[in-house]
Every structure is written in structure tokens, then in C-alpha cells.
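Asks: Test case, fold it:
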Amino acid sequence: MAKVRVHELAKELGITSKDAVAKLQEMGEFVRSASSTIEAPVVRKLRAAFPDAAPAAPKADAAPAAKAPA
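Replies: Prediction:
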């Protein structure tokens, strides 16, 4: 897994970047801003800290299926 920016993960979790940075600092991780990058183990820690955060829903690009003629 590549490094992830704090603001990207915050968006995915449905929380503010400010909350994500504050939580990471509270957990003892060195982050300076929402544009800081974090490693995979830290990503897992933050996701575990917000278990109720709903991951972003995938975008539906496909058109709705047409009904078959009766």
C-alpha cells in the first residue's frame, strides 16, 4: 500500500481533516497537516479509531437497467 495523505483518508472515512490530524497526533503519530502522508500501519490505526465512520460509497457510473417489455 502506498503512502496516503491525511486529507484523502479523512474524506474516505467521512470525517474532517482537522479531526484526523488531531486524532493522529493524540495517538502519537507525527503529522503536521492534512497534506502529510502516512504509512499503511498508521492508516490501519486511524481506521480502527473511527470504526463507525462509513467508507465513501463507490460512484455508480452505469445507467439503471431498462425493464424488459411485458
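
Asks: drop to CA atoms for contacts and neighbour counts, all remaining ones
Replies: Noted.

Asks: The helix or strand where residue 48 lies - contacts with which helices or strands?
Replies: Remark: residue 48 resides in helix 40-49, with elements defined by DSSP states H and E. Counting contacts by 3 or more Cα pairs under 8 Å, 6 or more residues apart in numbering; DSSP states H and E, the secondary-structure elements packed against helix 40-49 are helix 17-26.

Asks: what do you get if the cut-off is 10 Å, keeping everything else the same?
Replies: Contacting helix 40-49 under the criterion 3 or more Cα pairs under 10 Å, 6 or more residues apart in numbering; DSSP states H and E are the following elements: strand 4-5, helix 6-13, helix 17-26.

Asks: Now do the second one: distance to the chain's middle.
Replies: On the basis of Cα atoms, centre = their mean, to the nearest Å, helix 6-13 sits 3 Å off its chain's mean C-alpha point.

Asks: Surely residue 31 is within a helix?
Replies: No - counting by DSSP: H, G, I helix; E, B strand; the rest coil, one finds residue 31 to be coil, located in no helix.

Asks: Look at it and report its pLDDT.
Replies: Here, the pLDDT recorded for residue 31 equals 94.

Asks: What is the neighbour count of it?
Replies: 16 (other Cα atoms under 10 Å).

Asks: again, but for the one 3 residues further on
Replies: Residues contacting residue 34 under the criterion other Cα under 10 Å number 19.

Asks: Repeat that for residue 13.
Replies: 20.

Asks: before we move on, what about residue 41?
Replies: Neighbour count of residue 41, defined by other Cα under 10 Å: 10.

Asks: That concludes my questions; thank you for your assistance.
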